[in-house]
Every structure is written in C-alpha cells, then in structure tokens.
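Trainee: Need a 3D model of the sequence below.
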Amino acid sequence: MFDWQVIALRALGALIMLFLMTRILGKKQISQLTFFEYILGITLGDLAGFISTDIEANYFHGIVAMLVWFLIPLGIEFFTLKSKKLRQIVEGSGRVMIKEGKVLEDNLKKERLSIDELLEQMRGKNVFNVADVEFAVMETSGELSVLLKKENLPLTPKTFGIKVANEVETQTVVMDGDILDEPLATAGLSRGWLTEELEKIGVSVENVFLAQVDAYQQLYVDLYDDKIKVAAPQGKALLLATLKKTQADLELFAAATRNEEAKLMYERTSGEMTAVIDSLMPMLRS
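Mentor: Numbering: from 1, shown residues only. Predicted coordinates:
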C-alpha cells in the first residue's frame, strides 16, 4: 500500500473518531470555550493530525492517546454537573468588571484585561458609556455580560403596560420552488390552501425561492426574480377592518331601530364586539 493511501486511511479514521468524540462531548466544544475546553480542543486536533500523517508512529498508540483525552474530560464534565465546587475549579467563575458605573481595576488586573479590551467588548454589546452600566461580568467563556442601569434600558411594550401576543414559530412551506409538506401540516394547512394563496398574488410555486407562514396564517413570499414586487400580507389588516366595520354597523343598527328590545341587543352586541377588538388588538397590530 502506498504511503498516500496509508495517510488517507489514517486521516479518515482520525476524522471519524474526532467527529464522534465532539458529538458526544456536546455543543460546548463549538461555542465559547472555557480554559479546559480550549486546551482539550487543541490537543485532540493536534493528536488527530499527528496520527494521520506520521506513518512511522504506531496508529493504535495515537488512538489510545485520543481516547484518554476524550474519556477523562467526559468524566470530568459528568462530575462537574453534580458538583458546583468542582465546576468552579475546572471552569472558574465569573468576575465583576464594572459595578454601578465604576470600573473595578483590581478585577481587571486579575483577568489580565486592559481597559481598551474591556471597552471593545462593551462596544460589541452596543454599550459605549461606562456610566450607563449597572453591572458587567466577565464570564468563564471570556464573554462580557452587561446589565444597563434601569434608566438606560430599551423601552418595551411592558414598560407602557401594552400586552402583546406570544410569538409562534414561523413555518417555511416552500424552499427552492419545492413545497414542504411537514411544515405545512405543522401550521395546520394544506397544499390546496398554499396554491390558492399563491394564485391570489399571481405567483406559481416554481417561481418561489422561499415562502413562510406565520402564526396568523399570513404568507410571506420571496421570488427568484427580485425585480418582481409581491404585495405584503394584509390578512391581519383586513380582519381588523372587518371587525371594526361590524362593530360600527351594530352601532348604526342600534341608532336606527325604534324597537327598544332590538336596540338593547345591538348595543350589547356592539359592546361585546368592542371587547373582542380590544383583546385582539395586540395580535392584529404586531
């Protein structure tokens, strides 16, 4: 067997092992790493490269080394899940960098972080003024977590006491001109409904690059030809307009009738319709 064939087989074996080990160790290996995970990733990669190309080395010995570097961290991860003290030893703990708008220089030195690096991380969080920060913590992954002072927090609907509807996952029902039946079924819809909606806007499914349906069964379409403009979904606006028209009609009927019993019924129904509109307003305006 030629050397290049041996290297190809060894590399393939190392790649498969490295993939399986990474999958078992979990997604933390490809996210922000702690010191221990950083060392582990480098060592496993270096071992995989070494046993792949060094054909004079014993391949089995390299596999044993990779297994040791895999099994010990796997065991440590298991025990750190059970023990907070061990978790602090292995992964460390977060350290406060800014408190009540003041930089803690001693903690900055302990993390061997310069003020320029701290400001750079803050800018990465869209925070440019230290005085605006209530707390900033350097996490074990090296990521800076920032909590702004209350007066500097972004405004939300809750700030004004406005109720909003809970978000529901949007379903992708067409991709690259192909209808996806499973997302359609998840949204409680059918191919017939999709075809009908596309016909309303004069589009065939073959011309659709991407189509998504939201929680209110509104269809958003992106075509292959970007020059063609597709009208934005009007389902919620039409529903709101219909409800308001119905409520207005009920008030008109109440004012026009001379029958007191009918008048009271129209007024009561109009009030109920107003309550329905108020309850649906957060969803229909979002």
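Trainee: Tell me where the protein has strands.
Mentor: Remark: strands assigned in the chain by DSSP state E are 95-99, 102-103, 133-138, 144-148, 171-175, 178-179, 208-213, 219-223.
Trainee: mind checking which of those strands is nearest Gln121?
Mentor: Comparison of the strands of the chain against Gln121 by CB to CB identifies strand 144-148 as nearest, at 4.0 Å. C-betas here are computed from N, CA, C, even on glycine.
Trainee: for the stretch 151-286 of the chain, what are the low-confidence residue spans?
Mentor: Applying pLDDT under 70 to the stretch 151-286 of the chain picks out residues 162, 164-167, 231-235, 282-286.
Trainee: Show me the helices in it, by range?
Mentor: 181-186, 191-200, 235-256, 260-284 (DSSP state H, counting those that start in this stretch).
Trainee: Tabulate the strands of the chain in CSV, adding columns for distance to Lys109 and mean neighbour count.
Mentor: Shown next, in CSV, are the strands of the chain (distance: least, CB to CB, whole Å; neighbours: other CB atoms under 10 Å):
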stretch, distance to Lys109, mean neighbour count
strand 95-99, 11, 18
strand 102-103, 11, 12
strand 133-138, 12, 20
strand 144-148, 16, 17
strand 171-175, 50, 20
strand 178-179, 58, 14
strand 208-213, 50, 20
strand 219-223, 52, 18
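Trainee: Save the ones you listed as TSV, and put in distance to Leu252 too.
Mentor: Formatted as TSV, those follow (distance: least, CB to CB, whole Å):
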stretch	distance to Leu252
strand 95-99	61
strand 102-103	64
strand 133-138	55
strand 144-148	51
strand 171-175	40
strand 178-179	45
strand 208-213	36
strand 219-223	34
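Trainee: just to revisit the earlier point, so which of the helices of the stretch 151-286 of the chain gets nearest Asp225?
Mentor: Closest to Asp225 of these is helix 191-200 (CB to CB; 14.7 Å).
Trainee: now for that closest one, which elements pack on it?
Mentor: helix 181-186, strand 208-213, strand 219-223 (3 or more CB pairs under 8 Å, 6 or more residues apart in numbering; DSSP states H and E).
Trainee: Format the CA atom coordinates belonging to it as PDB.
Mentor: C-alpha atoms of helix 191-200 as PDB (Å, rounded to 0.1, in the frame of the first residue of the first chain):
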ATOM      1  CA  ARG A 191     -51.200  22.200  -0.400                       C
ATOM      2  CA  GLY A 192     -54.600  23.400  -1.600                       C
ATOM      3  CA  TRP A 193     -54.500  26.400   0.700                       C
ATOM      4  CA  LEU A 194     -51.000  27.300  -0.400                       C
ATOM      5  CA  THR A 195     -51.800  27.000  -4.100                       C
ATOM      6  CA  GLU A 196     -54.900  29.200  -3.500                       C
ATOM      7  CA  GLU A 197     -52.800  31.900  -1.700                       C
ATOM      8  CA  LEU A 198     -50.200  31.900  -4.400                       C
ATOM      9  CA  GLU A 199     -52.900  32.300  -7.100                       C
ATOM     10  CA  LYS A 200     -54.200  35.400  -5.200                       C
END
